[in-house]
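Asker: here you go, sequence then predicted model.
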Amino acid sequence: MKIAVASGKGGTGKTLVSTNLFNVVQKSGIAVELIDCDAEEPNDQPFIGGRLDDEEMVTQNIPSIDKAKCTFCGKCQEYCNYNAIIILPKLQHIQVIEDLCHDCGACSYACRVGAITEKTKTIGTITRYELDNGCALIESQIEIGVYSSVPLINQAIKSSQENQLAILDAPPGTSCPFIATVSAADFVILVTEPTPFGMNDLKLSVDTLIHLDKPFGVIINRAGLGDNRVYDYLKENNIPLLSEIPFDRKIAKTYSEGQLISDTMPEYDDHFHQLFTTIKNQLQND
């Protein structure tokens with residue numbers, strides 16, 4: 001089973017939820033992995049720790065075009081669905097926009113004169129941290145300047161153990177990295193806050209998950225901070241409210257110190273155990 005923890009915007013509490021959910025599950029003796037899919041800014045490891053077990057460089061193949069062999073026929077540009085090739089036949093100019101390349105190989109297939117070869121580009125790393133009980137944290141981290149983290153996220157999820165529970169800490173927003181993460185999940189926890197910004201971005205996330213046909217529920221973090229519009233929206237649309245985490249200075253202080261509230265505040269150990277039970281029951285009922 002894979003559970004994704006996601007949100008339509010940053011700063012709602014995804015890391016708070018994913019790290020504490022992982023913590024209570026692994027302490028209960030269940031084999032579980034936490035996969036930090038926020039490759040642009042991974043931050044689960046300071047909370048979880050663990051010993052460095054493995055580090056894998058993730059690479060991507062980028063086309064390299066030999067202008068001496070190229071006939072400037074335009075077939076490679078025609079086959080590229082990502083607009084990663086610019087060609088100006090009259091000027092005898094052709095160029096690959098590496099940031100837009102998705103390593104699909106279509107251009108190499110299209111070229112009939114052998115003008116296209118491939119070079120390797122490092123796009124990021126996947127680091128595995130082992131805990132003493134056999135559970136693990138898998139962290140994806142993109143290289144500076146790399147345009148898309150999707151290949152890295154896909155590889156991080158793929159590197160997890162088969163037939164094992166995995167918690168996916170998704171990137172914020174509803175763009176391609178978000179979709180790459182939640183598409184692999186059996187259930188999605190959406191974390192929001194009772195504010196106008198939280199409400200707006202929750203709607204975007206909900207619409208995306210409905211389109212993907214993914215089961216989901218909502219956690220309201222910083223409950224008591226804003227108004228009731230988020231609660232009304234959930235009720236009107238029959239969206240499950242999984243739990244609430246109050247707007248509490250003690251929680252903020254604990255989090256800012258790199259500690260887990262499920263370790264320092266016993267009531268949250270029970271809170272996240274109940275959250276896990278609720279999700280399991282909902283999946284079984286579906």
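Answerer: In hand now; what should we look at?
Asker: low-confidence stretches in the protein?
Answerer: 163, 286 (pLDDT under 70).
Asker: residues making contact with the longest helix that it contains?
Answerer: Ranked by residue count and defined by DSSP state H, the top helix of the chain is helix 266-285. The contact list for helix 266-285 (CB atoms under 8 Å, 6 or more residues apart in numbering) reads 1, 3, 20-21, 23-25, 27-28, 186-187, 189, 215, 217, 219, 240, 242-243, 245, 261-263. Just so you know, the C-beta spots here come from the backbone N, C-alpha and C atoms, and that holds for glycine as well.
Asker: quick one, what contacts Val32?
Answerer: Applying CB under 8 Å, 6+ apart, we find Val32 in contact with Phe22, Val25, Gln26, Cys135, Gln164, Leu165, Ala166, Ile167.
Asker: who wins for neighbours among those?
Answerer: Comparing these on neighbour count, Phe22 comes out first with 31 neighbours (neighbours: other CB atoms under 10 Å).
Asker: where does it fall, secondary structure wise?
Answerer: Secondary-structure element containing Phe22, defined by DSSP states H and E: helix 14-27.
Asker: report the distance from the next helix or strand after that helix to the chain centre.
Answerer: On the C-terminal side of helix 14-27, the closest following helix or strand by DSSP H and E is strand 32-36. Using CA atoms, centre = their mean, to the nearest Å, the distance from the centre of strand 32-36 to the centre of the chain it belongs to is 11 Å.
Asker: what of stretch 107-124?
Answerer: Mean C-alpha position of stretch 107-124 versus that of the full chain (CA atoms, centre = their mean) differs by 28 Å.
Asker: make sure Ala185 is indeed in a helix.
Answerer: No - membership of Ala185 in a helix is not supported by DSSP: H, G, I helix; E, B strand; the rest coil, which gives coil.
Asker: for it, which non-adjacent residue is closest in space?
Answerer: Closest residue in space to Ala185, ignoring its immediate chain neighbours: Ala4 at 3.7 Å, by CB to CB, 6 or more residues apart in numbering.
Asker: what's the neighbour count on the one you found?
Answerer: Around Ala4 sit 28 other residues, with neighbours defined as other CB under 10 Å.
Asker: and it, which of the three is it?
Answerer: Note that with three-state DSSP, the state of Ala4 is strand.
Asker: how much space separates the residue most central in space within the chain from His211?
Answerer: The residue lying closest to the centre of the chain (CA atoms, centre = their mean) is Ala170, at 2.9 Å. Between Ala170 and His211 the distance, using CB to CB, to the nearest Å, works out to 16 Å.
Asker: same check on Ala84?
Answerer: Distance, Ala84 to His211, by CB to CB: 26 Å.
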